[in-house]
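# Give me the fold of what follows.
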Amino acid sequence: MSTLIERSQAPGHRQDPTSGTHTPWPHALRTALLAAAAVCIVLLAFSWPSVTAKVQNLPIAAVGSPDQISQITAKAPAGSLNVRTASSRDEAVKLIEQREVYGAIVLGASPEILVASAGSPVASQALTQVGAQMQAQIQSQAIAKLQEALTQAAAKAQGGQTGQAQQGAPVTVPQVTMTDVVPLSPDDARGTGLAVAGLPLAMGGMIGGALISLLVSGTWRRLGAILAYGVIAGAGLAGILQAWFHTLQGSYWTNAGAIGLGIVATAAIIVGLNALIGQPGIAIGAIITLFIGNPLSSLTQPKEFLPAPWGDVGQWLVPGASGTLLRDLSYFPDAATAFPWLVLAGWAAAGAVLIAVGHFRNAPAIADI
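I've put the predicted structure just below:
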């Protein structure tokens, strides 16, 4: 008994946390402060893009004379539109299908607004408002012409030209037509499927990366596990999103490859950071993916609506590249997809390099499975 007492009183002896020793108040308060700061950071990460986003620099095409285009765009809020002139309606449609613009304004005898709800429902709503403004402007111009005609008729009537005053062409008001060039799937008419799928895809890469980091040891075994995980998860998630929910369109195998590569990229970075700096690398990889990449992915709105340059930065991260690639593969087969493929491949390659050079690559796994 005396020996145990002496050991418990020794300077290097650590008390059992269950023996009744209480945490010092300063440490408890520091923990509460750290937790509160973490909650605030999470709130900022997920709400900042939505709060700060606004309709700005929206790329659209316009068909018509310079005077017609300037009259229409002048009614839009300053800086809201980035107008690109197209020579014809067909060219405007081609620009939309290639994802060069989000929609188009066709001016002339039969005015028309071209939208692509599959590209961005938010952008389509903004262009619909432009169409309503166009209709109001056309009606005001028609009313002005009618008033002018009535004034002229009254003047002629006073001059004894009543018969001539009644001979006038009727004033017609053109109706602005709304056309959805690239509509969403009927099973995802509001476009929520792709937006909601972004978070599970990011979480999937994080979960796989964390498990492989903790349960698998050895460079080649980790790389093999990441590759197998990407293939299996990509096929399974594509099956759910395309065959079951009908959110994705196009080739199932191409979509599965895109999802799998995105998962491999996220998992590889997390495993690589863990190999390089140990278990804190898992947290760093999660922060890059969940708290930086996902909010900047522009899955729910055009990247132009985010404060510059964050919209473009988000496309260089895995969630943004994955979301853009899946949208293009599903609805815009004519769009250039080389950039998102290369971004995902680059992150996957960077993760593989980190795994290979990591100082902790030979650390034993927590458990063998």
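
# quick one, phi/psi of the nearest residue to residue 87 once chain neighbours are set aside?
In this structure, residue 87 finds its nearest non-sequential neighbour in residue 63, 7.3 Å apart by Cβ to Cβ, 6 or more residues apart in numbering. C-betas here are computed from N, CA, C, even on glycine. Main-chain torsions, residue 63, degrees, to the nearest 10: phi -120, psi 120.

# Three-state assignment for residue 179, please.
Look at residue 179: counting by DSSP: H, G, I helix; E, B strand; the rest coil, its state is strand.

# thinking again about what came up before, show me what contacts the residue nearest to residue 87?
Taking Cβ atoms under 8 Å, 6 or more residues apart in numbering as the contact definition, residue 63 lies against 85-89, 91-92, 104-108.

# Mind giving me the PyMOL command for buried ones among those?
Of the contacts of residue 63, the buried ones go into a single PyMOL selection, burial set by 16 or more other Cβ atoms under 10 Å:
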select buried, resi 86+89+92+104+105+106+107
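
# what would the contacts of residue 63 look like in a markdown table with pLDDT?
Below are these laid out as a markdown table (pLDDT from 0 to 100):
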| residue | pLDDT |
| --- | --- |
| 85 | 94 |
| 86 | 95 |
| 87 | 94 |
| 88 | 94 |
| 89 | 95 |
| 91 | 97 |
| 92 | 96 |
| 104 | 96 |
| 105 | 94 |
| 106 | 94 |
| 107 | 89 |
| 108 | 83 |
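
# Let me know the closest of the contacts of residue 63 to residue 132.
Nearest to residue 132 out of the contacts of residue 63 is residue 105 (Cβ to Cβ; 12.5 Å).

# Hmm, that closest one is touching residue 134, no?
Yes: under the criterion of Cβ atoms under 8 Å, residue 105 makes contact with residue 134 at 7.4 Å.

# still on that earlier bit, among the contacts of residue 63, which ones are in strands?
Of the contacts of residue 63, the ones assigned to strands by DSSP state E are 85, 104-106.

# ok so, going back, overlap of the contact sets of residue 105 and residue 134?
72, 111, 113.

# Torsion angles phi and psi at the residue nearest to the second one when sequence neighbours are not counted?
In this case it means residue 111. Spatial nearest neighbour of residue 111, chain neighbours left out: residue 176 (4.8 Å); criterion: Cβ to Cβ, 6+ apart. Here is the backbone geometry of residue 176 (degrees, to the nearest 10): phi -80, psi 120.
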